[in-house]
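Colleague: Next come a sequence and a model predicted from it.
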Amino acid sequence: MKKQNILVLLVVAVGIISILTACGRKSEGKLPKFDNNRPLKLWVGLNQGKVYRELVKEFEKTSHVKVDVIEQEDANVGLLKDTEMAADVSWVQSDQLGQLVEAGTIYENEKYAAITKRENSALATKAASYDGKLYGYPSSVSAMFLFYDKRVFKESDLKTLDSLFAKGKVDINIAEAGADYRLTPWFISNHAYLYGKNGDEVNNSTLNNQQGLEVLTYISHLKKQKQLVPLNADEISALKEGKVNALFSGNWNIANIKQILGDNMGCAVYPSANFGSGEVKLKAFSGAPIFVVNSASRNPSKAMDLANFITNKSSQLKQYAAIGGVPSNKAAFASQEVQKDEASRVIGQMVDQQSVLMPSLPEMKNFWPNMNAIIVDAYMNKLPENKMQTTLDKLVKEISQPVE
């Protein structure tokens, strides 16, 4: 009897170890082989609930599955904290994908991989992928661009940073939190790379090369540029008061800027700049908000159906009309509805020609606080030029360290 009891305990122990081991593995994303009509929970971003509640009505009719739409500010945090309590499908930013995959929290997009790749832009497909595998379902694309007052600037004034400064007051967030997001792509524009040319090589950052040093030195010299106005949260009020005439921002500010400038609002791609080795076209970070399927979903196949449905051409056009997310779906982006809007066209140009996809490596968590401090200190002239090289060397070393 004792032997039998010991045998039973061993079997149970092996089973528990197997479950724990499976939970700890990187998400393998195997396509579920079952289907049911269990209700689904959908997490969307803030202020997105209304449009997605309308979208899922049609899905509920055809799938016979009830969908509960909930606005969630940090879906990635919820997924990492407790997959059992998290939604079946969640809206996240593409740069959060690496952590989610490494933690084993999401399914690979196999069921709709061919459709996703065929119908969405190359950048959106790349943004939804990690380590060579497709996980996400792109819903839109985003990149910052230049807003300007047409009464102050002509199109010929928009070509370089110098020509912008020559004609008006230009807002650049260079002295506060968020300077890293705005200005890191300047380094990449000048061939000083973050995690390699494709942003996926942890040990291949070259931000500390000669070109990177040029950019950091250039930033420190901007302190003397009287036409530069270093603002972040106050940029809209400054534009309203006439303190700035141009600013680098994104589609989240279109309505506010349009209200101030009206028909005088102009939109353009980023200008060029000369950091010391000739003119280069400035770039911005780009991304593609994506939906992901929870690996702990009790109805994973239908969850995948839902993720595909709310990101198809029709759904992307409806969310564009409601909340302004520029479609990643190629046919939707080419539609007259999108192309008639100047800001949307410019975002498309930035994404295709003058952007760098924000890396989704977990090590990005080490990057942000370090880089922001360096940029702000350089601009505020708190970082002497003779210490810039060693500072960049230290940065490159620190951002390659494993995330704790």
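Modeller: Sure thing, it's come through.
Colleague: how about the nearest residue to Lys41, chain neighbours excluded?
Modeller: Spatial nearest neighbour of Lys41, excluding adjacent residues (CB to CB, 6 or more residues apart in numbering): Ala87 at 4.1 Å. Backbone N, C-alpha and C define where each C-beta goes, glycine included.
Colleague: Which strand residues bridge the spatially most central residue of the chain?
Modeller: A centroid search over the chain (CA atoms, centre = their mean) returns Gly287, at 3.5 Å, as the residue closest to the centre. Counting by DSSP bridges, Gly287 is bridged to Ser142.
Colleague: quick one: Ser90 from Met364, how far?
Modeller: 19 Å (CB to CB, to the nearest Å).
Colleague: for Gly266, same thing?
Modeller: Separation of Gly266 from Met364 (CB to CB): 33 Å.
Colleague: what's the answer for Glu404, then?
Modeller: Going from Glu404 to Met364 by CB to CB gives 14 Å.
Colleague: Between those two, which has more neighbouring residues?
Modeller: Set Glu404 next to Met364 and count neighbours by other CB atoms under 10 Å: Met364 wins out with 20 against 5.
Colleague: Might one say that that one is in contact with Ser94?
Modeller: No - using CB atoms under 8 Å, Met364 is not in contact with Ser94; the gap is 11.4 Å.
Colleague: what touches both of those two?
Modeller: Residues touching both Met364 and Ser94 (CB atoms under 8 Å, 6 or more residues apart in numbering): Met358.
Colleague: what does the host helix or strand of Tyr52 rub up against?
Modeller: Element membership for Tyr52 (DSSP states H and E) is helix 49-63. For helix 49-63, the external contacting residues (CB under 8 Å, 6+ apart) are 37, 42, 44, 65-67, 69-71, 302, 305-306, 309-310, 315, 318-319, 322-323.
Colleague: average pLDDT across it?
Modeller: For helix 49-63, mean pLDDT rounds to 97.
Colleague: and the nearest residue to Gln354 once chain neighbours are set aside, how many neighbours?
Modeller: Spatial nearest neighbour of Gln354, excluding adjacent residues (CB to CB, 6+ apart): Lys283 at 5.0 Å. When counting by other CB under 10 Å, one arrives at 22 neighbours for Lys283.
Colleague: Likewise for Lys302?
Modeller: Number of residues near Lys302 (other CB under 10 Å) recorded here: 25.
Colleague: Tell me the secondary structure at it.
Modeller: Recorded secondary structure, Lys302: helix (DSSP: H, G, I helix; E, B strand; the rest coil).
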